[in-house]
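**Student:** got a predicted structure here, sequence first:
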Protein chains: 2
Amino acid sequence: MGVKALFFDMFGTILDWRTGVAHSVEKILKPLGYSLDWFEFADEWRSLYGPGMEEVRSGRTPYVSLDAVHRRMLDKVMARFEIRGLPDKVMEDINLSWHRLDVWPDVANALPRLHSKFLLAPVSNANISMIANVVRRNNISFDAVLGADIARDFKPKAIVYQASAEAFALEPEQCMLVSAASHNVDMKGAASAGLKVAAIERPDEHGAGKSSVTPKVPVDMLAKDLNDLANQLGV
Amino acid sequence: MGVKALFFDMFGTILDWRTGVAHSVEKILKPLGYSLDWFEFADEWRSLYGPGMEEVRSGRTPYVSLDAVHRRMLDKVMARFEIRGLPDKVMEDINLSWHRLDVWPDVANALPRLHSKFLLAPVSNANISMIANVVRRNNISFDAVLGADIARDFKPKAIVYQASAEAFALEPEQCMLVSAASHNVDMKGAASAGLKVAAIERPDEHGAGKSSVTPKVPVDMLAKDLNDLANQLGV
């Protein structure tokens, strides 16, 4: 059964979250007199991503959007950087840094190519409003926004991949997760749920050349970038 | 609080379901030797739409996609037309007629205009795969697909409008339902849920000039078509 839909991991695969968060936070905090390593701030925030979602995945707390998870994590990051007493409005603006991310350079050209043959959807832990805002900002386009918000749970749990396939009325094996090559847990989860997996190199996700471009789990396809993926998929 | 998102009713407002279903069913059944009034067939099928969903809205049966509701209704329509014994594969193909609808003539030009200022989403009782297919077929684009499939219930229940606003992280009053002027129940439901409402004339939904272009419930805006709506919204 052939692949009919491509499911995109967003943070790191489509979006350069590290540069985007660092610049956005700098833009907000620098005029308020703060000076810190903005990339370190972004890295710290991202490092709390897994534990924040695990509260929901484990069933200990009910589903909340990634915006809400990020907001809880932000309090912890601020404490680590010993920043205290920022107004709620500023905290909320910082939290929306994740809505102002930019795509990697190959994305804008490759997505229309891939769309000529496949249904395309983000299958991310991001909530729908976050995706809608980054999609709009980057002038790209998907057929629907699937993932956490429609499954009411977080990747890499099988339900997120399965609910996404079901939303397109497809079998899991007709769907392919497209993921940065270093996201082994995500790719493993997708494969366990029956999806095909394509890994994209993305060496710069955590800083220039710092991310492994060699998957540690079996994948169906390995591509340098999304244009290479389009070439390999014959579009 | 200003309107930030436009929520589109799909069948009748964006899509000419009657022409589309009639032609699709004719294309499938005529070569099999059937001859009937294809528009009457479409009207009959559509007339079962409300009762089919009411099973779910009332809580008597769990949520199923509109595709599944249509499929149950199709059995009844076939019985009314005394057509029996069609293979499952043909029945399924007929059911997908709702995935092959075309938009009204003003839509393709007006949506990009409206998108320059507003977030846009279908808020329909259609399931995500149905919307994805008609969107792709008609080369139009939305920011997300909201509505029944994300709320797991059917309009005009308030939860569908509210879950759609929540998906965009907006208050209900920041969202405006755009609906054919004769869809009074839908517009009333949206207004009750706190949304703004824009009515579009769409006189030809049930055949040339047959639909009322005068809403029977209060609306915030009344427009001849989507380009007129764009004019009135200043885009």
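**Tutor:** Sure thing, it's come through.
**Student:** I'd like the distance between residue A:161 and residue A:2.
**Tutor:** According to Cβ to Cβ, to the nearest Å, residue A:161 and residue A:2 sit 18 Å apart. (Glycine included, C-beta is placed from N, CA and C.)
**Student:** same check, this time on residue A:163
**Tutor:** Residue A:163 is 21 Å from residue A:2, by Cβ to Cβ.
**Student:** residue A:161 and residue A:2: which is more packed in?
**Tutor:** residue A:161 (27 against 7; other Cβ atoms under 10 Å in any protein chain shown).
**Student:** now the closest residue to the more buried one other than its chain neighbours. Its backbone dihedrals?
**Tutor:** Counting by Cβ to Cβ, 6 or more residues apart in numbering or on different chains, residue A:161 lies nearest to residue A:193, which is 3.9 Å off, once chain neighbours are set aside. For residue A:193, the backbone dihedrals are phi -80, psi 0 (criterion: degrees, to the nearest 10).
**Student:** do you have the strands of chain A handy? List them.
**Tutor:** A:5-8, A:119-124, A:146-147, A:175-180, A:196-200, A:221-223 (DSSP state E).
**Student:** show me which residues of chain A sit near chain B.
**Tutor:** Counting by Cβ under 8 Å from any Cβ of the partner chain, chain A comes close to chain B at A:65, A:67, A:119, A:127-129, A:131-132, A:135-136, A:141, A:143-146, A:149-150, A:167-170.
**Student:** please spell out the ChimeraX selection for the buried subset of those residues.
**Tutor:** To isolate the buried ones among the residues of chain A next to chain B in ChimeraX, judged by 16 or more other Cβ atoms under 10 Å in any protein chain shown, type:
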select /A:65,67,119,127,128,129,131,132,135,141,143,144,145,146,149,150,167,168,169,170
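**Student:** state the number of residues packed around the residue nearest to residue A:161.
**Tutor:** Neighbour tally, residue A:193, other Cβ under 10 Å: 22.
**Student:** kindly report the same for residue A:45.
**Tutor:** Quick note: residue A:45 (other Cβ under 10 Å) scores 26 neighbours.
**Student:** roughly how far does it sit from chain B?
**Tutor:** Distance, residue A:45 to chain B, using Cβ to the nearest Cβ, to the nearest Å: 19 Å.
**Student:** show me the contacts for the closest residue in space to that residue that isn't next to it in sequence.
**Tutor:** Leaving out its chain neighbours, the residue that sits closest to residue A:45 by Cβ to Cβ, 6+ apart is residue A:77, at 4.8 Å. By Cβ atoms under 8 Å, 6 or more residues apart in numbering or on different chains, the contact list for residue A:77 reads A:41, A:44, A:45, A:48.
**Student:** same question for residue A:19.
**Tutor:** residue A:102.
**Student:** run the last query once more with 10 Å
**Tutor:** Contact analysis of residue A:19 by Cβ atoms under 10 Å, 6 or more residues apart in numbering or on different chains lists A:38, A:39, A:42, A:101, A:102, A:104, A:204, A:205, A:207.
**Student:** widest-spaced pair of those residues?
**Tutor:** A:38 and A:104 (19.3 Å; Cβ to Cβ).
**Student:** ok, and the closest non-adjacent residue to residue A:188?
**Tutor:** residue A:217 (4.7 Å).
**Student:** beta-bridge partners for the spatially closest residue to residue A:121 that is not a sequence neighbour, please?
**Tutor:** What sits nearest to residue A:121 in space, not counting adjacent residues and going by Cβ to Cβ, 6+ apart, is residue A:146, at 4.4 Å. For residue A:146, the beta-bridge partners are residue A:123 (DSSP bridges).
**Student:** thought residue A:146 was touching residue A:161?
**Tutor:** Yes - counting by Cβ atoms under 10 Å, residue A:146 touches residue A:161, with 9.2 Å between them.
**Student:** what do those two both touch?
**Tutor:** Contacts common to residue A:146 and residue A:161, judged by Cβ under 10 Å, 6+ apart, are A:7, A:123, A:175.
**Student:** name the helices or strands packed onto the lowest-mean-pLDDT helix or strand in chain A?
**Tutor:** Least confident helix or strand of chain A, by mean pLDDT, DSSP states H and E, is helix A:49-57 with a mean of 89. With contacts taken as 3 or more Cβ pairs under 10 Å, 6 or more residues apart in numbering or on different chains; DSSP states H and E, helix A:49-57 sits against helix A:66-80.
**Student:** from the chain's centroid, how far away is the helix it packs on?
**Tutor:** Computed by Cα atoms, centre = their mean, to the nearest Å, the chain-centroid distance of helix A:66-80 equals 17 Å.
**Student:** convert the C-alpha atoms of it to PDB, please.
**Tutor:** The C-alpha trace of helix A:66-80 is given here as PDB (Å, rounded to 0.1, in the frame of the first residue of the first chain):
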ATOM      1  CA  LEU A  66       1.700  22.800  24.300                       C
ATOM      2  CA  ASP A  67       1.300  26.600  24.900                       C
ATOM      3  CA  ALA A  68       0.200  25.700  28.400                       C
ATOM      4  CA  VAL A  69       3.100  23.300  28.900                       C
ATOM      5  CA  HIS A  70       5.600  25.900  27.600                       C
ATOM      6  CA  ARG A  71       4.100  28.500  30.000                       C
ATOM      7  CA  ARG A  72       4.700  26.200  33.000                       C
ATOM      8  CA  MET A  73       8.200  25.500  31.700                       C
ATOM      9  CA  LEU A  74       8.900  29.200  31.300                       C
ATOM     10  CA  ASP A  75       8.500  29.800  35.000                       C
ATOM     11  CA  LYS A  76      11.200  27.200  35.600                       C
ATOM     12  CA  VAL A  77      13.600  28.600  33.000                       C
ATOM     13  CA  MET A  78      13.200  32.100  34.400                       C
ATOM     14  CA  ALA A  79      14.000  30.800  37.900                       C
ATOM     15  CA  ARG A  80      17.200  29.100  36.500                       C
END
